[in-house]
Every structure is written in structure tokens, then in C-alpha cells.
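Chemist: The following block contains a protein sequence and its predicted model.
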Amino acid sequence: MSEEAPSFLVERANGVGFVTLNRPDQLNAVNNAIRSGLPAALRELDADPSVAVMVVRGAPGRAFCAGADVKEMRAPDSVIAERRRMINHAWIDNLDKLNKPVIASIHGFCLGGGLELALACDIRIASADASFGLPETALGLIPGGGGTQRLPRVIGLGRALDLMLTGDRIKPEEALRIGLITRLVDTQEQLAEETVKLAERIAARPPLATNAVKEAVRSGFELDLATGLTLEKTLFALLQVTEDKIEATTAFKEKRKPVFKGK
Ligand code: CO8
């Protein structure tokens, strides 16, 4: 792979937007081009009416993503400036602002910032060659892309602390068992196929309802139960008057396939 090759690729097909990390020789480690470009690419797909679901994946090879590019790491001039930079350029946090669902399609190494990126996605599917870990303490660091916060929310406090304090890598069967991923297939080829099938299946559903589910669950997770239930009711009420809801119930009565417009 020449240095001129783009660090990530963006494609669209059948209602699905794909962002592919494209540094396979460096195990798709996150460089500045990815850090600055990937959030904007996802935002663009999120705003594109032809796209209903997004997929983040790694170019074929040995990794989804082996984390931040360790070779680019430099000691900052000032810790105050570094803290400010980390907060202002929290690129993975941008995924929290996306309305449409994002699927992380994971093969090979999924480490450090790579796992943190996957944790910011809504569904994680992996192939049997995947391995997961947050090795940052071995570098004298802590996960800085949301791992300390999102991992406990996904797999629970005890398991998250175990993974972060040991830096241990876990296999996909274990990741499936503890809920870090929700789908597991055998090969990278199957992963590519199953990811597309899954994304297209979700993309075929009424998009306003899909996005509302994402909002209800993600926002509600940070709220107390009563406020979350109110949010759910508000979104439910809003959906009641959409053309897609009327089409879905009419099609059910008429025993035909509904045609959704995203309105
Ligand atoms: N950064 C830069 N280059 C990398 C990285 C990386 N994270 N990982 C692998 N590479 C490169 C190697 O340098 C090597 O390049 P080259 O052939 O030019 O020497 C190539 O990829 C292949 O790697 P290896 O030869 O090391 O392959 P091995 O099979 O021997 O080992 C491992 C694979 C175990 C994955 C090993 O490469 C490794 O330990 N990599 C580092 C993993 C790591 O520590 N990741 C965490 C980084 S810190 C982090 O992510 C903090 C996130 C903070 C904010 C969020 C931003 C993303």
C-alpha cells in the first residue's frame, strides 16, 4: 500500500454507506487523516437521504483497527493544551451525534482506539479471527477514545475493569458471551456478506422508526427511568402520524408488502 492511498474509503450501495479504514499494512491504525476525516464522512452519510444505515469496517487483512497510530504519538508541548485538544477533537464522540444506525464489522485485531471506535457503533458483528482488547496501560496511557466510559456501559463494570487493567485480548466467542459483540460468523468472507445483509435488512425498514429507536435507547440509557419513558412516549406519538406508519398498518390490513418513503 503506497503512502498516497487514502487512509479510509467511503462507498454507498443499496441504502448502506460504508466507511472502510484503509491502512491494512499498518493494521488500519488511526492516523491524523482518519481522525479528522472519518467523523466528517460519517456525518455526510448521516445527512444523505439515499443512506439509511452505515457500516464501519477495516480493509481486508489482519485488522479491523489496531488503535491509534503509536508511531505518530509525540509528547505534547503542554498538558493543558493536550487536554484541550483531546476534548475539542474527541473524534469518536462524533458517532454519538449520528441519527442513523452504525454497524461495526470487525475482523482481526480490534484494539485500543479500534475497539473504542467499535464501541461507539450501535451493532458489532465479528468474524472468528477477531480479537478484542484495550492495551493502553501497557503504553503508560488509558483508553482515551471513550473506552473507560463506553465499555462498562456495554459489558458491565467488572468485566470492563478486568479487560482494561490486564490489557488481555479476548476471542470472539468470549466477546459474544459477554455481549461485546452480538453476532459472530466464521470467515472474513462471511463477515462481509452477513454485514451487508444485516445492513440492508435494517435499511429496508421504516427509517424514521429505526432512527427513533436508536434515539430512544441511546438517549434513554443516560436518563432516569421516568424521563426515559417520557422520551419513548414522545417519539412513539411522533411516529403515529408518519406516512410510513400509515402505510405499514394499511399494507398489513391489505395483506401486501409496505413501501416506505422515510416520511
Ligand atoms: N500504530 C501504528 N502501527 C501499528 C499499530 C499501531 N497501533 N499496530 C500495528 N502497527 C503496524 C506495525 O508497526 C507493523 O508495521 P511495519 O510492518 O511497518 O513495521 C504492522 O502494523 C504489523 O504489525 P506487527 O508487525 O506488530 O504485527 P504482529 O502480528 O507482530 O502484532 C499487534 C500485531 C499485536 C496488533 C501489534 O502490532 C500491536 O501490539 N500493535 C499495537 C496495538 C496497540 O497498542 N494499540 C493501542 C494503541 S493506543 C490507543 O489506541 C489509544 C487510543 C486513544 C484515543 C483514540 C484514538 C484512536
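Modeler: Looks like it came in fine. Residues are numbered from 1 along each chain as shown.
Chemist: So the closest residue to the ligand within the stretch 151-263 of the chain versus residue 133, what's the distance?
Modeler: The ligand sits closest to residue 169 of the stretch 151-263 of the chain, with a gap of 8.0 Å, by Cβ to the nearest ligand atom. Heads up, the C-betas are built off the backbone N, CA and C, glycines and all. Separation of residue 169 from residue 133 (Cβ to Cβ, to the nearest Å): 4 Å.
Chemist: got any residues that touch both of those two?
Modeler: By Cβ atoms under 8 Å, 6 or more residues apart in numbering, residue 169 and residue 133 have these common neighbours: residue 111.
Chemist: Looking at these two, which one has more neighbours?
Modeler: Neighbours per residue (other Cβ atoms under 10 Å) separate residue 169 from residue 133, with residue 133 holding more: 20 against 17.
Chemist: Identify the bridge partners of the more buried one.
Modeler: Beta bridges link residue 133 to residue 111 when assigned by DSSP bridges.
Chemist: okay, now residue 260: neighbour count?
Modeler: As a measure of burial, residue 260 has 20 neighbours, counting by other Cβ under 10 Å.
Chemist: Mind checking what secondary structure it has?
Modeler: Secondary structure, DSSP: H, G, I helix; E, B strand; the rest coil: residue 260 is coil.
Chemist: Assumed residue 9 was part of a strand.
Modeler: Yes: counting by three-state DSSP, residue 9 is found in a strand.
Chemist: What's opposite the residue nearest to it when sequence neighbours are not counted in the beta bridge?
Modeler: Nearest residue to residue 9 in three dimensions, chain neighbours excluded: residue 20, at 4.5 Å (Cβ to Cβ, 6 or more residues apart in numbering). In this entry, residue 20 is beta-bridged to residue 9, residue 57, by DSSP bridges.
Chemist: Run a quick check on residue 20 versus residue 61, I expect a contact.
Modeler: No: counting by Cβ atoms under 8 Å, residue 20 sits too far from residue 61 to count as a contact (11.1 Å).
Chemist: Do a quick rundown of the helices in this protein.
Modeler: Secondary structure of the chain (DSSP state H): helices at 32-47, 79-88, 113-119, 147-155, 157-166, 172-177, 188-203, 207-221, 225-240, 243-253.
Chemist: Where does pLDDT dip in this structure?
Modeler: 1-3 (pLDDT under 70).
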